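> Sequence below, structure please.
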Amino acid sequence: MKKALFEKIIPEEGSSFLMFHNKYKEWNQVSFWHFHPEYEIVYIPFGSGKRYIGTTISKFKDGDLILLGSNIPHNTFSWGFESEEFEEYIIQFSGDQIINMSMQYHEFGTIHELLDKAKEGVVFLDTTKHDIGSMIKAMRTLPPFEKLLQLFQVLKKMSGSTGQEGVNARQYLSVSVANAERVQKVYTIIQEKYDTPLSTKEIAATIGMTDSSFCRFFVNSTGKTFKKAVTEVRIQHACRLLATTNMPIAIIAIDCGFNSISLFNRFFKELNLESPIAYRKRFLDNIIV
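So this is what the prediction gives:
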């Protein structure tokens, strides 16, 4: 089995975890075999397909709800989806923080047990998945603090569910966890300096590598070039500004490190499958609903 690639999870500003909603099956039509230290909840409200998790391939129908533990290699769920319409809700969070809380607050004890089970993946069956799925859907428009409290409620509901089934998906040695710390350092620099020109030569020197060896290392560890990683971070910040401010799109492009509005529009559409104007309108329409 091929090596899993490290994926950097970047929480939304003002939040300690990341949640996103995707209705585009075409958003990822290539196989992306990856891992990340964060735990991941995936809720698919309807349809059938296959899960590719660790060394396990399994099927689901009438939608899916799954909790994956830290560093379990898996493919994107749109890759294995077989029905026509597609929709998914994804939550990625640090389980270590919650486990540490359970040492101080006994109320988190059952959630700690759930996260321990999630080391091999946990699937939720029958009506349970849609009951919990409704709670997940309700999180989307909540402010950060209320969204965090709702995440605890979701995990509590999961921990008390009798409709659980293990996926038996373990880590395996080809996962390049050893590279994660260095990649994390690179992403920290990108987050701090995304609005300025960034060169591979500058980053390579920071982490003690030559320019050419750094470029090879980054592609081998993440499956993408450094330039693409920078662009993705810039576009993510642009999405936040489009959704939460009335700033003109041209100013957002400049603030996010793009020196050309046409280049910004092109990259934005490549990553989000829609223009910045359409994104802002769709986000506002969803908030109103």
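
> where's the closest residue to F152 other than its chain neighbours relative to I98, distance?
Leaving aside its sequence neighbours, F152 sits nearest to I111 (CB to CB, 6 or more residues apart in numbering; 7.4 Å). Where C-beta positions appear, they are placed from N, C-alpha and C, glycine not excepted. In this view, I111 and I98 are 6 Å apart by CB to CB, to the nearest Å.

> show me where the chain has strands.
For the chain, the strands defined by DSSP state E occupy 5-6, 18-22, 34-35, 39-44, 49-53, 56-60, 64-68, 88-93, 122-124, 164-166.

> Go through those and name the closest to M139.
strand 18-22 (6.2 Å; CB to CB).

> List of residues touching the closest one?
9-12, 38, 78, 86-93, 139-140, 147 (CB atoms under 8 Å, 6 or more residues apart in numbering).

> List buried residues within those.
12, 38, 78, 86-93, 139, 147 (16 or more other CB atoms under 10 Å).

> Which single one of the residues you listed is nearest to Y105?
Ranked by distance to Y105 (CB to CB), those are led by F93 at 16.8 Å.

> domain ranges for this protein?
Domain assignment of the chain by automatic domain parsing yields the ranges 5-166, 177-288.

> so can I have JSON lines of those domains showing mean pLDDT?
Below are these laid out as JSON lines (pLDDT from 0 to 100):
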{"stretch": "domain 5-166", "mean pLDDT": "88"}
{"stretch": "domain 177-288", "mean pLDDT": "86"}
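
> quick one on the thing from earlier: pretty sure the residue nearest to F152 is touching L155, no?
Yes - using CB atoms under 8 Å, I111 is in contact with L155, at 4.7 Å.

> burial measure for the spatially closest residue to M101 that is not a sequence neighbour, as a count.
Leaving aside its chain neighbours, M101 sits nearest to F108 (5.1 Å; criterion: CB to CB, 6+ apart). Other residues near F108 come to 21 when the count uses other CB atoms under 10 Å.

> so what's F108 up against?
98, 101-102.

> In ChimeraX, select just the buried ones from these.
Buried residues among those (16+ other CB under 10 Å), as a ChimeraX selection:
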select :98,102
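
> The contacts of F108 in helices, which ones?
Applying DSSP state H to the contacts of F108, the entries found in helices are 98, 101-102.

> Nearest to S199 among those residues?
Among the ones in helices among the contacts of F108, I98 lies closest to S199 (CB to CB), at 38.3 Å.

> re the thing from before, mind checking which of I111 and L155 has more residues around it?
More neighbours surround L155 than the other of I111 and L155, with 25 against 22 (other CB under 10 Å).

> how close does that one get to G109?
Relative to G109, and taking CB to CB, L155 is found at 12 Å.

> Report the contact partners of the nearest residue to Q236 once chain neighbours are set aside.
In space, and not counting its chain neighbours, Q236 is closest to I10: 6.2 Å by CB to CB, 6+ apart. The contact partners of I10, by CB under 8 Å, 6+ apart, come to 18, 187, 191, 233, 236.

> residues near the second one, how many?
If I follow you right, that is Y187. 17.

> now T244
Neighbour count of T244, defined by other CB under 10 Å: 12.

> For the remainder of this discussion, apply numbering that starts at 559.
Happy to do that; since the first residue is 559 now, the last one works out to T802.

> Report the separation between it and A796.
In terms of CB to CB, T802 sits 11 Å off from A796.

> And the residue with the largest distance to the centre of the chain, how far from L756?
Most distant residue from the mean C-alpha position of the chain: T768, 30.1 Å away (CA atoms, centre = their mean). Plainly put, T768 is 17 Å away from L756 if you go by CB to CB.

> do the same with H670
Applying CB to CB to H670 and L756 gives a distance of 40 Å.

> same check, this time on I630
Per CB to CB, I630 is found 31 Å from L756.

> do the same with D674
Distance from D674 to L756, by CB to CB: 39 Å.

> These two - which one has more neighbours?
Remark: of D674 and L756, L756 carries more neighbours, 19 against 12, as counted by other CB under 10 Å.

> contacting residues around the residue nearest to the more buried one when sequence neighbours are not counted?
With CB to CB, 6+ apart as the criterion, L756 has its nearest non-adjacent residue at 5.6 Å, and that residue is V788. By CB under 8 Å, 6+ apart, V788 lies in contact with 748, 752, 756, 815.
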